[in-house]
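Peer 1: Here is a sequence with its predicted model. Questions after.
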Amino acid sequence: MAFITFQPKDYFNTKLYTGTGSAASITGVGFQPDWVWVKDRGASNSHNLSDAVRGVTKTIFSDANATEVTDAQRLTSFNSDGFSVGTSTSWNASSNTYASWNWKANGQGSSNTDGTINTTYTSANTTSGFSISTYTGTGSNATVGHGLGQSPSVVMVKRLNDTSDWRIYFSALVPTMGNAQQLFLNRDAPADNDSQIWNNTAPTSSVFHVGTNAGSNASGGTYVAYCFAEKKGFSKFGSYTGNANADGPFLYTGFKPAFIMLKRTDTTGDWLMKDNKRPTVQNPVTSLLYPNKSDAEATGVNDADFLSNGYKIRTTGTAENASGGTYIYMCFAESPIVSSNGIPAVAR
């Protein structure tokens, strides 16, 4: 059994809210988040991502290669039980409905000197296996400290001061693609190889590697990196093969999922996001958002169940379950099978 000594809801939580059009505080997250990812569910607006390391006025977009923007009317503060928003319609249009996904790191953090590049700031939470780092590239092969104390399974990097695709290192791709592999969060493109993104080298317990590709290490380029190490009972990062059957693959996670993001990697396919708050009814989970697109929420497609110990696919859709298709996924827990309160998890 996956037993853990902390409550997942203290480190990750989905919070839904309705915009007011005026400055507002969003409460009910349950902790002070350090990374907030927000999407307008009903409108074609970009996904907005802000974090405590870069500061509250700074936003990047998962569905675009755009540079970082500074806007004091998007996120305005990180609070003890959530966050505050200004009047930006991307975060707070009157009567619009929003989903926010919230992760806890460790505040703004401080410089990490483990790598050949010293980070500007690294905010690391070794309990939940999540860190945020900012750094300036050198244009030469280098390493960057992540502060997790174990090798991350996922590294997501975005250049901030120039247009550049998101780059993702995903350890589940190593058996078939090696350490030169990359994924693009803002595109539906399949995984491909570039030895100069990660210098064809796996992350270690202290650093991840960058090569000479401008996507991860241009001279003078500024970057943010989000790193995730797998924690039993809280997070799972893996892969599976589709079967094109409504009785689809079962992904054992060791916990009841709160959130999953997945992507087909052998050919083109959108990223998909699901969580335990959309819809509010029981299984199946049918509400989708697409990290690589600004589209409004889709419903009634790509059915799946959030179970007490994993994720069960119940669709023949190729975005999630093509016959022989290969997929990767990131999953975070609502509750482990058994947690520190001794209460076993049950399906929705």
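Peer 2: Cool, got the structure.
Peer 1: Report how many residues lie close to Arg278.
Peer 2: Under the neighbour criterion other CB atoms under 10 Å, Arg278 is assigned a count of 19. Using the backbone N, CA and C atoms, a C-beta is placed for each residue, glycine as well.
Peer 1: From what I see, it and Ala99 are in contact.
Peer 2: Yes. With contact defined as CB atoms under 8 Å, Arg278 reaches Ala99; the gap is 6.4 Å.
Peer 1: Identify the contacts common to the two.
Peer 2: Listed contacts common to Arg278 and Ala99 are 14, 16, 41, 297; contacts here mean CB atoms under 8 Å, 6 or more residues apart in numbering.
Peer 1: Neighbour count and secondary structure for those residues - can I get that in CSV?
Peer 2: As requested, these are arranged in CSV below (neighbours: other CB atoms under 10 Å; DSSP: H, G, I helix; E, B strand; the rest coil):
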residue, neighbour count, secondary structure
Thr14, 21, strand
Leu16, 15, strand
Arg41, 17, coil
Glu297, 18, coil
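Peer 1: quick one: which of those residues is nearest Gly233?
Peer 2: Checking the shared contacts of Arg278 and Ala99 against Gly233 with CB to CB, the nearest one is Thr14 at 18.2 Å.
Peer 1: Quickly list what that closest one is bridged to.
Peer 2: In this structure, Thr14 bridges to Trp101 when assessed by DSSP bridges.
Peer 1: pretty sure it is touching Ser100, no?
Peer 2: Yes. In this structure, Thr14 sits in contact with Ser100. The criterion is CB under 8 Å, and the distance is 7.1 Å.
Peer 1: so how many other residues sit close to Asp71?
Peer 2: With neighbours defined by other CB under 10 Å, the count for Asp71 comes to 17.
Peer 1: what's the answer for Tyr121, then?
Peer 2: There are 20 residues near Tyr121, going by other CB under 10 Å.
Peer 1: Pull the contacting residues for it.
Peer 2: Residues in contact with Tyr121, defined by CB under 8 Å, 6+ apart, are 53, 108-111, 132-134.
Peer 1: For it, report the pLDDT, please.
Peer 2: For Tyr121, the model assigns a pLDDT of 98.
Peer 1: distance of it from Asp81?
Peer 2: For Tyr121, the distance to Asp81 under the criterion CB to CB, to the nearest Å works out to 24 Å.
Peer 1: which residues of the stretch 201-348 of the chain fall in strands?
Peer 2: In the stretch 201-348 of the chain, strands defined by DSSP state E, counting those that start in this stretch lie at 207-210, 222-228, 235-241, 250-252, 255-264, 272-275, 304-307, 310-313, 326-336, 338-339, listed in chain order.
Peer 1: Format those as TSV; extra columns: mean pLDDT.
Peer 2: Supplementary listing: the strands of the stretch 201-348 of the chain in TSV, determined by pLDDT from 0 to 100:
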stretch	mean pLDDT
strand 207-210	98
strand 222-228	99
strand 235-241	98
strand 250-252	98
strand 255-264	97
strand 272-275	97
strand 304-307	95
strand 310-313	97
strand 326-336	96
strand 338-339	52
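Peer 1: Point out the most buried one among those strands.
Peer 2: Sort the strands of the stretch 201-348 of the chain by mean neighbour count, taking mean count of other CB atoms under 10 Å, and strand 207-210 sits at the top with a mean of 26.
Peer 1: Direction included, what does that one pair against?
Peer 2: Sheet pairing for strand 207-210, assigned by DSSP bridges, gives strand 142-145 (antiparallel).
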